[in-house]
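In: using only what follows, build the 3D model:
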Amino acid sequence: MKIMVLNSSGSVGKSTITRELFAPRLNNPLIVEVEGQNKSSKDFRPNSKYYDVWVFDGDFDNFYLKLIENQDVIVDVGASQLQNFFSGLEKVSGIESLFDYFIVPTLSNDKAVEDTAKTVVFLRNYNIEDEKIKVIFNAVKRDVESEFKLLLDAFKAINFKYDRDLFIRDNKVFNELGIMRKTLLDVYNPDLNAYKERILNEKDPKKKIALVKVDMANRLGHTAIDDLDFVFEKISGQKDVFKNKFKAKAPSVEKEVKKEVKKEAEVEEVNAAEDDDL
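Out: Numbers count the residues shown, from 1 in each chain. As a prediction, the model looks like this:
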């Protein structure tokens, strides 16, 4: 599968959708980053055997070669790069036809709503069929109909057929993972109670807190994975891909605890140094 993740609005979850929805469910995909500002997905790949990252360097001939050399490709286009990137694509006539889907994540705030409608029109102007344009309603707290009413009205006005089932519920695990520089795959354990006994028996306060963080991320992650698997099924027709693909995966508890304890120690060291400077 070859997909492009884009929106002319920034901070709507494009990189998260790339890393958490598509990367673990495709077959060793190549992630192409067309971005000049956000932190690279390279920083989120301790499980690098599951995907690779290439930062677009402006060479469209090389970009075309990578598209045809790799079976599964995810192109993550930053909002600030969208216009220039598509202008460059015009130099390679018909290259957009190589993509199966154009994924447009969106939020319910006014700017994202306006930019999302403009992005759909923008794609149509490049003769991309509506069937290939998949809008994903992100961070839904209640329901799509009430939270995205303005956007749905805009879609009706331009006669764009959206799928209201393509939504991801609001889940603080994505913010937590961003802070931890981890992905769902890093913390996922198919056993929800995998860390419970360790937490109760751990005597070291720092290790106990580290265990709690990993445990909470895993529990929140299960809900997120259900949402992401459902959206992926709606787009690809493949059911429960993540849970089936990684059902036997159980990360080393000791390894994750050591990472968290080390991180806490580094934070304390930085804070102490700042206090000395005062």
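In: pull the residues that contact stretch 57-73.
Out: Outside stretch 57-73, the residues that touch it by CB atoms under 8 Å, 6 or more residues apart in numbering are 1-3, 26-32, 54, 56, 88-89, 91-92, 95, 98. Using the backbone N, CA and C atoms, a C-beta is placed for each residue, glycine as well.
In: and stretch 84-103, by the same measure?
Out: By CB under 8 Å, 6+ apart, stretch 84-103 touches 1-6, 17, 22, 34, 56, 58, 60-61, 64, 67-68, 75, 77, 122-123, 126-128, 132-134, 136, 235.
In: which PyMOL command selects the buried ones in these?
Out: To isolate the buried members of the contacts of stretch 84-103 in PyMOL, using 16 or more other CB atoms under 10 Å:
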select buried, resi 1+2+3+4+5+6+17+22+34+56+60+67+75+77+122+123+128+132+133+134+136+235
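In: now the helices for the stretch 1-150 of the chain?
Out: Using DSSP state H, counting those that start in this stretch, the helices of the stretch 1-150 of the chain run over 14-16, 60-69, 82-89, 110-125, 144-147, 149-157.
In: closest one to residue 180 among those?
Out: helix 14-16 (13.5 Å; CB to CB).
In: what's the closest one packed up against?
Out: Counting by 3 or more CB pairs under 8 Å, 6 or more residues apart in numbering; DSSP states H and E, the packing neighbours recorded for helix 14-16 are strand 73-77.
In: chain center to the strand it packs on, what's the gap?
Out: Between the centre of strand 73-77 and the centre of its chain there are 11 Å (CA atoms, centre = their mean, to the nearest Å).
In: do stretch 133-146 as well
Out: The answer for stretch 133-146 is 15 Å, by CA atoms, centre = their mean.
In: please report the distance of residue 5 from residue 179.
Out: Counting by CB to CB, to the nearest Å, the gap from residue 5 to residue 179 is 22 Å.
In: mind showing which ranges of the chain have poor pLDDT?
Out: Counting by pLDDT under 70, the chain shows low-confidence ranges at 36-48, 249-278.
In: let's have the helices of the stretch 1-150 of the chain in JSON lines, adding distance to residue 230.
Out: Formatted as JSON lines, the helices of the stretch 1-150 of the chain follow (distance: least, CB to CB, whole Å):
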{"stretch": "helix 14-16", "distance to residue 230": "16"}
{"stretch": "helix 60-69", "distance to residue 230": "28"}
{"stretch": "helix 82-89", "distance to residue 230": "28"}
{"stretch": "helix 110-125", "distance to residue 230": "21"}
{"stretch": "helix 144-147", "distance to residue 230": "13"}
{"stretch": "helix 149-157", "distance to residue 230": "20"}
